[in-house]
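Novice: what would the 3D arrangement of this be:
(4 chains)
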Protein chains: 2
Amino acid sequence: MDKSICPRFEKAMGFLSQRWTGMIIYQLLSGPQRFCTIESSIGVSGRVLSERLKDLENEGIVKREVFPETPVRIEYSLTDKGLALKPLMNSIEDWSQNWL
Amino acid sequence: MDKSICPRFEKAMGFLSQRWTGMIIYQLLSGPQRFCTIESSIGVSGRVLSERLKDLENEGIVKREVFPETPVRIEYSLTDKGLALKPLMNSIEDWSQNWL
DNA sequence: GTTAGTTAGTTACTTTATGTAAGTAAGTAT
DNA sequence: ATACTTACTTACATAAAGTAACTAACTAAC
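Specialist: Next up, the predicted model:
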């Protein structure tokens, strides 16, 4: 292994390479959303969504907010770090429109 | 499932979400390369690299060229469709520099 | 002509990640 | 006490990825 590749780039790519991570972020770009909404809109399983949201929260990309209503409402939204991924999402959109 | 998401976008994201695909493309942005070079520079296993290169070739993103030297040399390079992913890679680079 | 060396893979087997479906916890309403 | 909601978690099955040994095709050395 040569590994002359920037470790930050590798880490970012590692994140995006995890299944569903990109779609979750993309979905949250349209505003704060609850668990079941994300689940049904992108078709991810609850098991993996739960796992990914925890990872994204730990990474400071997603914020979790609890509203003690009835039944409880929990909203997930993007932090500044998460919102900063918008240009990246646009790049994907552009490429997909032009080449797929 | 609501699935109001653009299917082209989903397909593009599906590609990038496969492990190693992004790194392979990134690596090929620095020029045509042979199998063993890609393998050692990004640390992917031969088994998966072989699989990914086939997928990328089928998708028209990567081109495979055989040079009947001794021992045989096989070079992988990006097509126009593959080169068009450069802005996307730059977006990832930018984000990783600013936020990681 | 048999052994060794090269690249580009493939195969068999193990470990990890993901999908699926049922179950739990906390709260309210009936 | 039973049912209903959301937000998870758990147990189990399947799919994807890692590892290491092996093959194919060719050349060069012994």
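
Novice: show me the contacts for A:I38.
Specialist: Each residue near A:I38 by Cβ atoms under 8 Å, 6 or more residues apart in numbering or on different chains is listed here: A:I24, A:Q27, A:L28, A:V44, A:L49, A:Y76. (C-beta placed from N, C-alpha, C; glycine too.)

Novice: got a pLDDT number for it?
Specialist: Looking at A:I38, its pLDDT stands at 96.

Novice: now it: which helix or strand?
Specialist: helix A:35-42 (DSSP states H and E).

Novice: in that helix, what counts as buried?
Specialist: Using 16 or more other Cβ atoms under 10 Å in any protein chain shown as the burial criterion, the residues of helix A:35-42 that qualify are A:F35, A:I38, A:E39, A:S41, A:I42.

Novice: got it, and stretch A:47-61?
Specialist: Neighbour-count burial for stretch A:47-61, counted by 16+ other Cβ under 10 Å, picks out A:L49, A:R52, A:L53, A:L56, A:E59, A:I61.

Novice: what distance do you get for the third one to A:I24?
Specialist: Distance from A:L53 to A:I24, counting by Cβ to Cβ, to the nearest Å: 7 Å.

Novice: find the residues that touch each one of those two.
Specialist: In contact with both A:L53 and A:I24: A:V62, using Cβ under 8 Å, 6+ apart.

Novice: part of a strand, is A:K63?
Specialist: Yes - secondary structure of A:K63 (DSSP: H, G, I helix; E, B strand; the rest coil): part of a strand.
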